[in-house]
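*Asks:* Sequence and predicted model, in that order:
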Amino acid sequence: MKITDIRLGYLSVPLKQPFKTALRTVNSVEDVIVKIETDTGHIGYGEAPPTGVITGDTTGAIIGAVEEHIRKRLIGLDLENFEEILLTLDKSLVHNTSTKAAVDIALYDLYGQMFNAPVYKLLGGYRKEIITDITISVDTPEKMAADSIDAVKLGYTTLKIKVGVDAEQDFRRMKAVREVVGYDVQLRIDANQGWKPKEAVRTLKAMEDSGLQVELVEQPVQAQDIEGLKFVTDQVSIPVMADESVFSPKDALMILHTRAADMINIKLMKCGGIHQALKICAMAEIYDVECMIGCMLEAKVSITAAVHLACAKKIITKIDLDGPVLCREDPVQGGAIFEHSRISLPDTAGLGFEHINGVVWKS
Ligand SMILES: C[C@H](N)C(=O)N[C@H](CCC(=O)O)C(=O)O
Ligand SMILES: [Mg+2]
């Protein structure tokens with residue numbers, strides 16, 4: 001099965017309501033779709049959202065990376081030598097992790113089709129169903145409490161509460177949410193780098209002392225401030241998860257080795273795809289550190305790939321794959337099946353896509 005072409009397209013999917021974090025507010029998922037064609041007629045799909053404030057990727061950069069660096073190196077290569085293709089992809093240019101993830105996902109889609117097996121089974125096949133949390137955007141305490149009630153009514157048992165905008169108000173946000181959802185619902189928080197280290201410790205300790213029962217906190221301090229991250233991890237009881245601080249397997253190794261965080265959030269868009277994520281999983285297993293599989297604001301193509309990884313690997317114990325349920329519509333036929341918090345995988349080959357509606361293909 002030889003690669004004959006790599007095509008690119010644009011996909012825009014409106015959100016049910018604005019998605020607000022300490023880093024950005026957006027109203028739609030904006031994606032580049034990658035389609036790899038082969039001489040056997042098999043097609044592999046991938047997806048990359050340009051999350052500039054986190055990965056540095058833009059739509060133009062994703063398109064340029066494929067057109068100027070990746071396409072010419074991959075055309076003609078045979079899926080039978082998967083290792084060669086992945087190494088070529090890695091070496092084609094530095095950084096550009098979202099682009100590499102999109103191409104990697106399309107390649108795994110083809111790899112699974114070549115063996116007529118779902119990708120999660122080829123990677124380990126640990127389970128075929130997972131439960132995701134849902135994100136509550138940062139807003140007034142009242143609005144966040146109302147959004148939380150709506151989510152719980154839909155059956156979500158874990159909420160990811162966005163904070164990191166103003167520490168004192170963040171405490172009030174958490175208090176308002178906990179008051180309305182009670183203690184049967186798990187609350188995890190994500191500050192998206194919004195706090196200073198001492199401010200994070202103060203705020204998290206206040207949450208501990210008030211019995212708010214926070215399951216974990218994601219990325220309390222700036223991504224590059226590893227000392228600050230370790231300071232928070234050492235000072236508070238709430239488990240600290242590194243998100244923006246961990247892109248590559250090398251970043252993960254450093255965090256694991258220094259114990260700067262208690263857990264790692266793996267995102268395909270940060271590490272460059274499934275083949276790199278597998279390395280982080282292997283290292284986390286060695287250090288016995290649980291991982292989350294997370295996502296950017298993504299539609300169901302790349303999220304399906306993340307579901308396959310999560311279903312394959314036991315070390316992934318926390319699931320934050322709510323991109324598709326935040327969208328007003330699902331343009332992807334096939335792939336993972338979402339029923340609110342419950343995500344399951346069909347036993348179709350590869351990643352199981354049939355068609356993606358609404359893609360504007362580049363000529
Ligand atoms: C969508 C997901 N639940 C999430 O919250 N991801 C954010 C980054 C999302 C973005 O800005 O696209 C995170 O975990 O930091
Ligand atoms: Mg996060």
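*Replies:* Arrived safely. Ligands and ions are numbered 1, 2, ... in the order given.

*Asks:* Tell me, how many residues neighbour T40?
*Replies:* By other Cβ atoms under 10 Å, the residues close to T40 number 13. For every residue, glycine as well, the C-beta is placed using N, CA and C.

*Asks:* To what extent is T59 buried, counted in neighbours?
*Replies:* 15.

*Asks:* wouldn't it be in contact with T51 here?
*Replies:* No: taking contacts as Cβ atoms under 8 Å, T59 lies outside contact range of T51: 10.8 Å.

*Asks:* Now do the closest residue to Q186 other than its chain neighbours against ligand 2, distance only.
*Replies:* Spatial nearest neighbour of Q186, chain neighbours left out: T158 (4.2 Å); criterion: Cβ to Cβ, 6 or more residues apart in numbering. According to Cβ to the ion, to the nearest Å, T158 and ligand 2 sit 14 Å apart.

*Asks:* Wait, T158 touches R188, no?
*Replies:* Yes: checked against Cβ under 8 Å, the pair T158 and R188 is within contact range at 6.6 Å.

*Asks:* Show me the common contact partners of those two, please.
*Replies:* Each of D133, E215 lies in contact with both T158 and R188 under the rule Cβ atoms under 8 Å, 6 or more residues apart in numbering.

*Asks:* Just want to know which of those two has more residues nearby.
*Replies:* Just comparing T158 and R188: by other Cβ under 10 Å the higher neighbour count belongs to R188, 21 against 18.

*Asks:* The residue in the stretch 101-250 of the chain that ligand 1 sits nearest to: helix or strand, and which one exactly?
*Replies:* Going by Cβ to the nearest ligand atom, ligand 1 is nearest to T135 of the stretch 101-250 of the chain, at 4.0 Å. Secondary-structure assignment from DSSP states H and E places T135 in strand 134-136.

*Asks:* for that strand, what is the average pLDDT?
*Replies:* Mean pLDDT, computed over strand 134-136, is 98.

*Asks:* For the next helix or strand after that strand, what does the pLDDT average out to?
*Replies:* Reading on from strand 134-136 to the C-terminus, the next helix or strand found by DSSP H and E is helix 141-153. What helix 141-153 shows for mean pLDDT is 98.

*Asks:* ok, now stretch 76-87?
*Replies:* 98.

*Asks:* same question, stretch 301-318
*Replies:* Averaged over stretch 301-318, pLDDT sits at 98.

*Asks:* Longest strand in this structure, by number of residues?
*Replies:* In the chain, assigned by DSSP state E, the strand with the most residues is strand 3-20.

*Asks:* Show me which residues of the stretch 151-300 of the chain sit near ligand 2.
*Replies:* Selection of the stretch 151-300 of the chain residues close to ligand 2 by Cβ under 5 Å from the ion yields D190, E218, D243.

*Asks:* now, which of those lie within strands?
*Replies:* In this view, these that belong to strands under DSSP E are D190, E218.

*Asks:* tell me the contacts of the closest residue to ligand 2 within the chain?
*Replies:* Proximity of the chain to ligand 2 (Cβ to the ion) peaks at D243, 3.7 Å away. Contacts for D243 (Cβ under 8 Å, 6+ apart) come out as D190, N192, E218, Q219, N265, K267, G294.

*Asks:* Quick one, grab the pLDDT at the last one.
*Replies:* The one in question is G294. Looking at G294, its pLDDT reads 98.

*Asks:* for the fifth one, same thing?
*Replies:* Looking at N265, its pLDDT stands at 99.

*Asks:* Can I get the helix or strand that contains it as CSV, trimmed to CA atoms?
*Replies:* Assignment of secondary structure by DSSP H and E places N265 within strand 263-266. Coordinates of each C-alpha in strand 263-266 appear next as CSV, following Å, rounded to 0.1, in the frame of the first residue of the first chain:
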residue,chain,number,x,y,z
MET,A,263,0.5,13.2,36.3
ILE,A,264,0.8,14.0,32.7
ASN,A,265,-1.8,15.1,30.2
ILE,A,266,-1.0,13.5,26.8
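
*Asks:* what sits up against it?
*Replies:* With contacts defined as Cβ under 8 Å, 6+ apart, strand 263-266 is touched by 216, 218-219, 239-243, 246, 252, 255-256, 277, 280-281, 284, 289-294, 309, 316, 318, 320.

*Asks:* Could you identify the helix or strand that succeeds it?
*Replies:* For strand 263-266, the following helix or strand on the C-terminal side (DSSP H and E) is helix 268-271.

*Asks:* Show me what stretch 80-87 is in contact with.
*Replies:* Outside stretch 80-87, the residues that reach it (Cβ under 8 Å, 6+ apart) are M1, I3, L74, L77, L79, D104, L107, Y111, M114, H275.

*Asks:* Skipping adjacent residues, who's closest to the most centrally placed residue in the chain in space?
*Replies:* Centroid-nearest residue in the chain, with Cα atoms, centre = their mean: C295, separated by 1.8 Å. Distances taken as Cβ to Cβ, 6+ apart place G323 nearest to C295, at 4.8 Å, with adjacent residues excluded.

*Asks:* repeat for L77
*Replies:* The shortest distance from L77 to any non-neighbouring residue, by Cβ to Cβ, 6+ apart, is to I85 (5.0 Å).

*Asks:* go on, V301?
*Replies:* Leaving aside its sequence neighbours, V301 sits nearest to E47 (Cβ to Cβ, 6+ apart; 3.7 Å).

*Asks:* Tell me how many other residues crowd that neighbour.
*Replies:* For E47, using other Cβ under 10 Å, the count is 30.

*Asks:* just checking, what packs against the helix or strand where L122 lies?
*Replies:* Assessed by DSSP H and E, L122 sits inside helix 119-123. In terms of contacts (3 or more Cβ pairs under 8 Å, 6 or more residues apart in numbering; DSSP states H and E), helix 119-123 is packed against helix 97-114, helix 274-287, helix 300-312.
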